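this is the structure alone, sequence omitted:
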């Protein structure tokens, strides 16, 4: 029988060269111990990034209601179970899931005021990602890349770091993940602590159900073949019955809250019934994720990278069923409800950090990256590098600040000073602050706070319709016969057409106060008739439409004098009055008082730098004055305030054309036409420049 020829054991030349290159490339550098100075430098840099990221201006309005309830709880040593915060359903049963949060946050405000609220934000953020880091480290993430992942996740979390109950719920969720992942990877079994976490969560936030989702996934994972051994000393399947018992005990203690089963029913009631109410469809944070609001924080990267790393891990070392289920569920939920962006980033952090660290460890890197201080420098640069762009957002300015121009501070001052009482109607956006200012005076409490579920079902349907439909407003007013109306006037936060309805109904309603935050109307045919007649504005309006019409009417000097006189009164009543400055600027511009026009528009920008169109108007003034370079600066600032460049691309083209930069002008005119194909001014400008 013929022998088969021997196979050569020598690899082909190409394979030999590849093997030599692989052997020549250095092994991955070892992970740094916790006490290494380079490790500590990166840790401090990540902590600094976390603290800076959440040190942003407080702009939320509901926190006033949380503070009020917390104050009442501490003063009366009881948890109110009746609705005593708004007059429309006063005395009705009140069910909420946040008494613990409200009780905890009040001492921070009481002791430190605004600084105390920021201390709460810093402590809860560091606790959240401290637990998440402990979970990631327990799962094997040891490299410095973990800190970069966490910094990106914190950039997504920062939008949800306002003074809200979810800041406390996030701490509990992160602690739960740490306990369960420690158990799953063979560490100490701390699962009995989950019973306490469940009780705290049920008393802190409506999202308590998320804790049971995480627990349930771990129970299922433990029961399926191939589960990670719970404890090193126990058999493979041991520990699952104990986890089931902990889950049942956690469910039982959740009923120990001031509102019983009704508090636990809230999230299910929302999904099954309330979600369809018109009033909830007007709440921005319940809408699908707004990508323009997340263009700088790396959310797009997280959405793609987290599942990609889970797939890589699955093919490489085995499928993590818990992480994959959480990724799938939270990704879909977050994309449909942008309120969950912070929760999504929190849960993604430990798993993505673990898998990305493993992927990096599996690659061979150049020798120059091995020294500890080089790696630390790269990590620190990455942490700050990914953060700077997000920190530069004009709508989320850094600083220990409260955006007072969002709250009806001066309007409430006016109400108090002039003895306004009765049945008031308000946007729910303003309700928390009104309750904070006037509780327990029932005849000054708001119609509604920021908790729409406290309204009757009929009102939850009627209120959002009344904001946009005059017939619905008439129906709501006929039901309650309001004595006064206090409405949100900020355009960027949803000033409603109801302002225009009231402006047009001058026989029944009189505008007596207006600033950037709110407009106050008094009913003429009621107990406030004398105040309504005495303090009525004749030229200034609450809405946009009436103001434009009144500008058109001011054609002779006497009318313009009356308009200017009312605008100056408007300015004297509140420092938050960019709209009055803007109107005075336009009035001065029409009268060719260019210096006064620029001064007023500059003052408007100081009062409200994010108000749309103001930078554009100032830029047009600079163009008219022959200062295209200054105009271009203002147009660029205006571009930052807008979601897209519609209209402002045209202005930038005009500025560049005035500067003699033909190429840049053509570029911006073409950008304008891509956004607005029928923009005649852009087409004409391109024709003049012969750029077709």
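Good, I have the coordinates. As the structure is a prediction and not an experimental result, all values here were calculated from the model. Residues are numbered from 1 along each chain as shown.

show me what the helix or strand where residue 326 lies is packed up against.
Using DSSP states H and E, residue 326 maps to helix 321-336. With contacts defined as 3 or more C-beta pairs under 8 Å, 6 or more residues apart in numbering; DSSP states H and E, the packing partners of helix 321-336 are helix 209-223, helix 299-316, helix 341-361. C-beta here means a position set from N, CA and C on the backbone, and glycine is covered the same way.

out of the ones you listed, which one sits most buried?
Of all those, helix 341-361 carries the top mean neighbour count, a mean of 25, counting by mean count of other C-beta atoms under 10 Å.

show me what that helix is packed up against.
When contacts are defined as 3+ C-beta pairs under 8 Å, 6+ apart, helix 341-361 packs onto helix 99-138, helix 145-157, helix 166-184, helix 299-316, helix 321-336.

for that helix, what is the average pLDDT?
Averaging pLDDT along helix 341-361 yields 95.

need the residues that contact the helix or strand immediately after that helix in the chain.
Note on helix 341-361: by DSSP H and E, the next helix or strand toward the C-terminus is helix 372-391. For helix 372-391, contacts defined as C-beta atoms under 8 Å, 6 or more residues apart in numbering pick out 29, 32, 36, 38-39, 41-42, 45-46, 49, 52-53, 144-145, 147-148, 151-152, 155, 158, 296-298, 368-369, 398.

show the buried residues in these.
Among the contacts of helix 372-391, those buried by neighbour count (16 or more other C-beta atoms under 10 Å) are 29, 32, 38-39, 41-42, 45-46, 49, 53, 144-145, 147-148, 151-152, 155, 158, 296-298.

most centrally placed residue in the protein?
The centroid of the chain falls nearest to residue 159 when counting by C-alpha atoms, centre = their mean (3.5 Å).

quick check, pLDDT for that one.
Confidence score, pLDDT, at residue 159: 90.

ditto for the one 4 residues further on
At residue 163, the pLDDT value in this model is 95.

picking that back up, need the winner for burial among the helices and strands packed on helix 341-361.
Using mean count of other C-beta under 10 Å, the stretch among the helices and strands packed on helix 341-361 with the greatest mean number of neighbours is helix 145-157 (a mean of 27).

and that helix with helix 166-184, angle?
Angle, helix 145-157 to helix 166-184, by axes from the mean of the first three to the mean of the last three C-alpha atoms, to 10 degrees: 150 degrees.

what helices or strands is helix 145-157 leaning on?
On a contact count with 3+ C-beta pairs under 8 Å, 6+ apart, helix 145-157 meets helix 37-54, helix 99-138, helix 299-316, helix 341-361, helix 372-391.

for residue 616, find the nearest of those helices.
Nearest of the helices and strands packed on helix 145-157 to residue 616, taken as C-beta to C-beta: helix 372-391 at 23.5 Å.

what's the following helix or strand after the closest one?
According to DSSP H and E, the helix or strand after helix 372-391 is helix 409-417.

which neighbouring elements make contact with that next one?
Helix 409-417 packs on helix 428-438, strand 484-488, strand 509-514, strand 518-523, going by 3+ C-beta pairs under 8 Å, 6+ apart.

tell me the most buried of these?
When the helices and strands packed on helix 409-417 are scored by mean count of other C-beta under 10 Å, the highest mean neighbour count falls to strand 518-523 (a mean of 28).

before we move on, the earlier item: between the helices and strands packed on helix 145-157, which one is nearest to residue 277?
The nearest among those, by C-beta to C-beta, is helix 341-361 at 23.2 Å.

off-centre distance for the closest one?
21 Å (C-alpha atoms, centre = their mean, to the nearest Å).

equivalent analysis for stretch 333-345, please.
The answer for stretch 333-345 is 11 Å, by C-alpha atoms, centre = their mean.

next: stretch 506-520.
Distance, centroid of stretch 506-520 to centroid of chain: 29 Å (C-alpha atoms, centre = their mean).

pLDDT of that stretch, averaged?
Stretch 506-520 shows a mean pLDDT of 95.

and what of stretch 270-277?
Averaged across stretch 270-277, the pLDDT comes to 80.

and that stretch, what's buried?
Within stretch 270-277, the residues scored as buried using 16+ other C-beta under 10 Å are 270, 274, 277.

what residues go with each domain of this structure?
95-360+372-391, 404-546, 556-688 (automatic domain parsing).

surely residue 170 and residue 341 touch.
No. Contact criterion C-beta atoms under 8 Å: residue 170 and residue 341 do not qualify, at 11.8 Å.

joint contacts of those two?
Going by C-beta under 8 Å, 6+ apart, residues that sit against residue 170 and also against residue 341 are 157, 160.

so where's the stretch 151-300 of the chain shaky on pLDDT?
For the stretch 151-300 of the chain, the stretches flagged by pLDDT under 70 are 226-238.

tell me how far residue 582 lies from residue 569.
16 Å (C-beta to C-beta, to the nearest Å).

and what of residue 191?
Per C-beta to C-beta, residue 191 is found 66 Å from residue 569.

and if you look at residue 386?
For residue 386, the distance to residue 569 equals 49 Å [C-beta to C-beta].

repeat for residue 619
29 Å.

who's more crowded, these two?
Neighbours per residue, other C-beta atoms under 10 Å: of residue 619 and residue 569, the larger number sits with residue 619, 27 against 13.

element containing the closest residue in space to that one that isn't next to it in sequence, please.
Excluding its sequence neighbours, the residue lying closest to residue 619 (C-beta to C-beta, 6 or more residues apart in numbering) is residue 634, at 3.5 Å. With elements taken from DSSP H and E, the one containing residue 634 is helix 628-640.

could you look up the SS state of the spatially closest residue to residue 102 that is not a sequence neighbour?
Leaving aside its chain neighbours, residue 102 sits nearest to residue 70 (3.9 Å; criterion: C-beta to C-beta, 6+ apart). Of the three states, residue 70 takes helix according to DSSP: H, G, I helix; E, B strand; the rest coil.

no further queries at this time; thank you.
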